[in-house]
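>>> What follows is a predicted protein model with its sequence.
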Amino acid sequence: MSKQIQLRGRIFLEFNLHAVSGLHIGGSEVGVEIGGVDKTVIRDPLTNRPYIPGSSLKGKVRSLLEKYEGLPQNQSIGQKVSIHTCDTSEKYATCDVCQVFGVPGERDFGTPTRLVVRDVQMTAESIARLEENGRTDLPYTEVKTEVSIDRVTSAANPRQMERVPAGTVFGPAELVYSIYEGDGCDSQRDVERFARLVEGLVLLEDDYLGGLGSRGSGKVRLAQIQVKLRSRNELLQPAQLLGQFDALEQLVAALPQLQEQIRDQLAQA
Ligand SMILES: [Zn+2]
């Protein structure tokens with residue numbers, strides 16, 4: 001059996017991510033002092049600005065799709081957290097989630113992970129707004145205090161959590177989706193499967209990003225969406241713009257047509 005896999009092209013899905021409600025993407029809880037904030041956000045160590053790690057965004061969309069598809073949560077990744085990964089090549093061959101988002105490296109049947117998600121920084125506009133006008137408690141963030149009552153002792157237990165304020169924009173987020181052919185990969189299927197990623201983003205808008213979602217944090221909205229394509233014979237040229245959309249609904253409506261365009265472009269490459 002041949003082991004040749006060829007990259008046919010890459011789809012670049014770019015968008016701005018608006019925090020509609022406060023956003024809490026957890027940082028390190030190490031070094032919390034008494035009286036300090038016990039739920040801090042993750043920050044870029046060089047700029048001290050909060051950002052959205054690509055792994056957080058990718059992991060959240062994956063987890064939402066797993067639940068949507070009803071996939072078995074069969075792999076433990078730490079305390080009380082399990083994810084789905086296919087354990088046989090037969091299951092993997094038909095599992096869109098594992099093909100797109102990847103399986104652990106030790107699985108010998110895996111084809112290349114289709115999706116790469118880059119870290120997302122705040123836009124220059126949001127940085128300027130928070131630096132100039134923001135009445136923030138900490139640089140770029142607000143501190144929200146919640147009081148929970150101990151059910152046994154009735155003692156009040158105030159907790160402080162740090163959030164990026166509502167209205168902050170991160171972007172552009174860049175999701176890179178690769179299309180392969182050969183050795184278990186079928187480029188036509190990869191183009192079809194791109195729809196799974198878009199579905200995952202719809203689920204994300206309906207759900208939340210980061211922590212404390214059940215208490216109102218983390219509602220996000222996608223805007224200024226661009227879909228670009230670079231086919232294998234255009235490596236030295238900028239990716240070609242296929243479509244621009246103000247909102248995710250518009251991308252969803254245009255998706256069949258976009259997939260058709262992608263198939264045409266790849267067929268010529
Ligand atoms: Zn799977």
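Yes, it's here. Numbering: from 1, shown residues only.
>>> Give the other helices and strands that whichever strand or helix holds residue 260 contacts.
Using DSSP states H and E, the element containing residue 260 is helix 248-268. Helices and strands touching helix 248-268, as assessed by 3 or more CB pairs under 8 Å, 6 or more residues apart in numbering; DSSP states H and E, comprise strand 6-19, helix 187-206, strand 220-231, strand 240-245. C-beta here means a position set from N, CA and C on the backbone, and glycine is covered the same way.
>>> Dump the ones you listed to JSON lines, plus mean pLDDT.
Below are the helices and strands packed on helix 248-268 laid out as JSON lines (pLDDT from 0 to 100):
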{"stretch": "strand 6-19", "mean pLDDT": "97"}
{"stretch": "helix 187-206", "mean pLDDT": "97"}
{"stretch": "strand 220-231", "mean pLDDT": "98"}
{"stretch": "strand 240-245", "mean pLDDT": "98"}
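>>> Quick one: closest of these to residue 163.
strand 6-19 (8.5 Å; CB to CB).
>>> which one is residue 3 nearest to, not counting chain neighbours?
residue 183 (5.4 Å; CB to CB, 6 or more residues apart in numbering).
>>> Distance to residue 55 and mean neighbour count for the helices and strands packed on helix 248-268 - can I get that in TSV?
As requested, these are arranged in TSV below (distance: least, CB to CB, whole Å; neighbours: other CB atoms under 10 Å):
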stretch	distance to residue 55	mean neighbour count
strand 6-19	15	21
helix 187-206	15	18
strand 220-231	16	20
strand 240-245	25	16
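>>> Now these in CSV, please, with extra columns for distance to the ion.
What follows is the helices and strands packed on helix 248-268, written out as CSV (distance: least, CB to the ion, whole Å):
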stretch, distance to the ion
strand 6-19, 21
helix 187-206, 12
strand 220-231, 25
strand 240-245, 28
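>>> right, and those - which one's nearest residue 100?
Taking the helices and strands packed on helix 248-268 one by one with CB to CB, helix 187-206 is closest: 5.8 Å.
>>> roughly how far out does that closest one sit from the chain middle?
Helix 187-206 sits 12 Å away from the centroid of its parent chain (CA atoms, centre = their mean, to the nearest Å).
>>> returning to that earlier point: nearest to residue 46, of the helices and strands packed on helix 248-268?
strand 6-19 (20.9 Å).
>>> hang on, the residue nearest to residue 3 packs against residue 111?
Yes. Between residue 183 and residue 111 a contact is recorded at 7.1 Å, counting by CB atoms under 8 Å.
>>> Of the two, which one has the most company?
Taking other CB atoms under 10 Å, residue 183 and residue 111 do not tie; residue 111 has more neighbours (20 against 13).
>>> check contacts around the residue nearest the centre of the chain.
Nearest residue to the geometric centre of the chain (CA atoms, centre = their mean): residue 57, 2.4 Å. Shown in contact with residue 57 (CB atoms under 8 Å, 6 or more residues apart in numbering): 117, 120, 173, 209.
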